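Asker: Model the following, please.
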Amino acid sequence: MLLKRFREIAAFPSRYSDYVEHDTSGRRVDTHVCGRFAIKYWDDAADRHVKILDVHLADGAV
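Answerer: The predicted structure is shown next:
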């Protein structure tokens, strides 16, 4: 499930953004909730890659 979603995010990063925050350098960091997991990523347009920063249990997941 996660691998499939990683591929979907890579194809259309903004489509899967549930939450947006900015890191200390001002870069936009998106979070997508996929089932029980929260995927934190940023779209590196200059490098033409999506960088997965973290995958963890989403709040409230049992």
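
Asker: pLDDT below threshold where in this structure?
Answerer: For the chain, applying pLDDT under 70 flags the ranges 60-62.

Asker: all helices of it, in order?
Answerer: 2-11 (DSSP state H).

Asker: And the strands in it, which stretches?
Answerer: 19-22, 28-34, 37-44, 49-57 (DSSP state E).

Asker: what's the neighbour count on Lys51?
Answerer: By other C-beta atoms under 10 Å, 13 other residues sit near Lys51. For glycine as for every other residue, the C-beta is placed from the backbone atoms N, C-alpha and C.

Asker: How about the contacts made by it?
Answerer: Tyr41, Trp42, Asp43, Asp44 (C-beta atoms under 8 Å, 6 or more residues apart in numbering).

Asker: Which of these sits closest to Val55?
Answerer: Val55 has its nearest neighbour among those in Tyr41, at 9.2 Å by C-beta to C-beta.

Asker: The residue nearest to His22 when sequence neighbours are not counted and Met1, how far apart?
Answerer: Nearest non-adjacent residue to His22, counting by C-beta to C-beta, 6 or more residues apart in numbering: Arg28, 6.0 Å away. Counting by C-beta to C-beta, to the nearest Å, the gap between Arg28 and Met1 amounts to 25 Å.

Asker: quick one, which of these two is more surrounded?
Answerer: When neighbours are counted by other C-beta under 10 Å, Arg28 comes out ahead of the other of Arg28 and Met1, with 13 against 9.

Asker: shouldn't that one be in contact with Tyr41?
Answerer: No. Applying C-beta atoms under 8 Å as the test, Arg28 and Tyr41 come out as separate, 10.1 Å apart.

Asker: Could I get the contacting residues of the residue nearest to His22?
Answerer: Arg28 makes contacts with Val20, Glu21, His22, Trp42, Asp43, as judged by C-beta under 8 Å, 6+ apart.
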